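Asker: Take this sequence and fold it.
(one chain, ligands or ions: 3)
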Amino acid sequence: MSQAAAFVRENRDRHLSELMEVLRIPSVSTDPARAAEVKRAASWVKTRLIRAGCTRTEIFETKRHPIVYGEWLKAKGAPTVLFYGHYDVQPEDPVELWTTPAFQPTIRDGRLYARGACDDKGQFIIHVNAFEAYLKTGGACPVNVKFLIEGEEEIGSPNLEPFIEGHKSLLACDAVVVSDTAMFDKKTPSIVHGLRGLSYIQVDVRGTSRDLHSGVYGGSVINPAFALAHIIAGLKDAKGKVKVPGFYDKVRKLTAAERAALRKLPHSDSRWKSSIGAKLLFGEAGFTTLERVWARPTLEINGIWGGFMGEGAKTVIPAEAHAKISMRLVPNQTPKEIVAKVTKAIKKLAPKSVDVTVTHIHSGESWLADTKHAALQAASRAVKRAFGKTPVFTREGGSIPVVATFDRVLKVPSVLMGIGLHDDNLHAPNEKLDLDNFYLGNEAAVHLMEELAHPTQR
Ligand code: BES
Ligand code: MN
Ligand code: MN
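Answerer: Ligands and ions are numbered 1, 2, ... in the order given. Next up is the predicted model:
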């Protein structure tokens, strides 16, 4: 074992307590009341990068939350690797469902529970630990290192793309590494080579100028909640197929070889079903669960509200009704195309008696990489060395929009080496990080730097 790998083994307890330190900072990016906490998390990251050995660090202010940058570029002639991650987290609600408070990290049964433990503080930090291990043992890292850790991922990274466009030479590199995804399962390490994109919209339906007594006026006007229900019901058929005209036009078809590869993965529908407490699985006909989640687009309602929602009964015709709707996109759909088609379909379904507005909230592109690429193969070897098993290549249904931006702007491959698990409760109560995965992840991150330094050897 290399000295650096031994170093991360010997420093497990310190790595854990440092992670717990940053997990105590409630850096919830969507909550304006917590902007100061987000800032505090950014400065924690900067300090950690300095202590790890970065020779230059900088906090770039944006219109909202800061971007943290750090670098170490002393590996003459070696490739440069850009490590991306996010220090912001999702809100902790509903708080009453947490066994221990979201921002009081707690260890139970070999897992660390806290908001951000897996998404993404406990993941990006493995690369900082790995980098530090090289500097503290041999004084040099096998690759040049750049860190880009943002604070707006959970709100759609509104300021990151312009930042990347404006800092191409600062961020120039040979490969991007991201740890912000899950392994196939605890026994099956994986490298992710595809992500779905995302387009998020809000639909607001207005009927009258104010709420109405449903006895006095009921029967004489449309109910906007009904109008919204009618619109939404028209977007998908009972079999799960999206009815928006042209929605599937640009979808890249899975090849026979890809479908065969997916069928070889150790997936079980009954385990998938029971792990989420579903009565039955449901989705587009003609596709398997993994095909539906990884390679087919969806349209979902993320929230729907309007009218009386308190206890008991209130006889009212609400003046307005609302829904948050998002579409997961796959190659070669584009957010622009899909938002336009869905908006048009909604307007067309809307009864004349209501005003409907559709507002675009944020979007990100899907991403798909060739598994044969040298950087992905290097990651595969690194994971094998740490986890003792050759990883499988998987795709993910979730989205990390900046990965497509790296592809387009920096023109380099991305390697997604995630150490999460699908039951880590991301965005939900009792988010956790498996500590075996954390410790082995630190070792995989050490090996990754070595493997990326010599991508064609071995
Ligand atoms: N880390 C997740 C994405 C993810 C999770 C990918 C698990 C694969 C497996 C990321 O922080 C996230 O939550 N992304 C959002 C999109 C973003 C634009 C708000 C998502 O996928 O909903
Ligand atoms: Mn994330
Ligand atoms: Mn997330």
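Asker: Low-confidence ranges, the protein, go.
Answerer: Low-confidence segments of the chain, defined by pLDDT under 70: 455-458.
Asker: Around ligand 1, pick out the residues from it.
Answerer: 119-120, 153-154, 156, 180-182, 198, 364, 396, 398-401, 426 (C-beta under 6 Å from any ligand atom). All C-beta spots, glycine's among them, are computed from the backbone N, C-alpha and C.
Asker: Mind picking the two most distant members of those residues?
Answerer: 156 and 182 (20.5 Å; C-beta to C-beta).
Asker: surely residue 438 meets residue 419?
Answerer: Yes - in terms of C-beta atoms under 8 Å, residue 438 counts as a neighbour of residue 419; the distance is 6.7 Å.
Asker: shared neighbours, these two?
Answerer: By C-beta atoms under 8 Å, 6 or more residues apart in numbering, residue 438 and residue 419 have these common neighbours: 122, 126.
Asker: ok, these two, which is more surrounded?
Answerer: residue 419 (29 against 24; other C-beta atoms under 10 Å).
Asker: My read is that the more buried one contacts residue 442, right?
Answerer: No - Residue 419 lies out of contact with residue 442 (C-beta under 8 Å); the separation is 9.0 Å.
Asker: so what sits against both of the two?
Answerer: The contact lists of residue 419 and residue 442 share residue 126, where a contact means C-beta under 8 Å, 6+ apart.
Asker: So the closest residue to ligand 2 within the stretch 201-350 of the chain: helix, strand or coil?
Answerer: Ligand 2 sits closest to residue 328 of the stretch 201-350 of the chain, with a gap of 15.3 Å, by C-beta to the ion. Taken by DSSP: H, G, I helix; E, B strand; the rest coil, the conformation at residue 328 corresponds to strand.
Asker: what's the nearest residue to it if we skip its chain neighbours?
Answerer: In space, and not counting its chain neighbours, residue 328 is closest to residue 196: 4.3 Å by C-beta to C-beta, 6 or more residues apart in numbering.
Asker: ok, which residues in this protein are in contact with ligand 2?
Answerer: 119, 120, 180 (C-beta under 5 Å from the ion).
Asker: Next, the contact list for the residue in the chain that ligand 1 sits nearest to, please.
Answerer: Nearest residue of the chain to ligand 1 (C-beta to the nearest ligand atom) works out as residue 398 at 2.7 Å. Applying C-beta under 8 Å, 6+ apart to residue 398 gives the contacts 181, 195, 196.
Asker: Let me know the closest of the residues you listed to ligand 2.
Answerer: Taking C-beta to the ion as the measure, ligand 2 sits nearest to residue 181 out of those, at 8.0 Å.
Asker: Check the burial of the residue lying closest to residue 419 once chain neighbours are set aside by counting its neighbours.
Answerer: Leaving out its chain neighbours, the residue that sits closest to residue 419 by C-beta to C-beta, 6+ apart is residue 441, at 3.7 Å. Residues lying near residue 441 (other C-beta under 10 Å) number 32.
Asker: who touches residue 441 in this structure?
Answerer: The contact partners of residue 441, taken as C-beta under 8 Å, 6+ apart, are 123, 126, 179, 386, 419.
Asker: And the fourth one, which helix or strand is it part of?
Answerer: When you say that, I think you mean residue 386. helix 374-387 (DSSP states H and E).
Asker: Scan the contacts of residue 398 and report the most crowded one.
Answerer: residue 195 (30 neighbours).
Asker: who's it bridged to?
Answerer: Beta bridges link residue 195 to residue 367, residue 396 when assigned by DSSP bridges.
Asker: Of residue 156 and residue 182, which one has the most company?
Answerer: Between residue 156 and residue 182, counting by other C-beta under 10 Å, residue 182 is the more crowded of the two (22 against 19).
Asker: which phi and psi does that one have?
Answerer: As for residue 182, its main-chain torsions (degrees, to the nearest 10) stand at phi -110, psi 160.
Asker: neighbours of the closest residue to it other than its chain neighbours, just the number please.
Answerer: Using C-beta to C-beta, 6+ apart and skipping the chain neighbours, the partner closest in space to residue 182 is residue 420 (3.9 Å). Here the count is done by other C-beta under 10 Å, and residue 420 has 24 residues near it.
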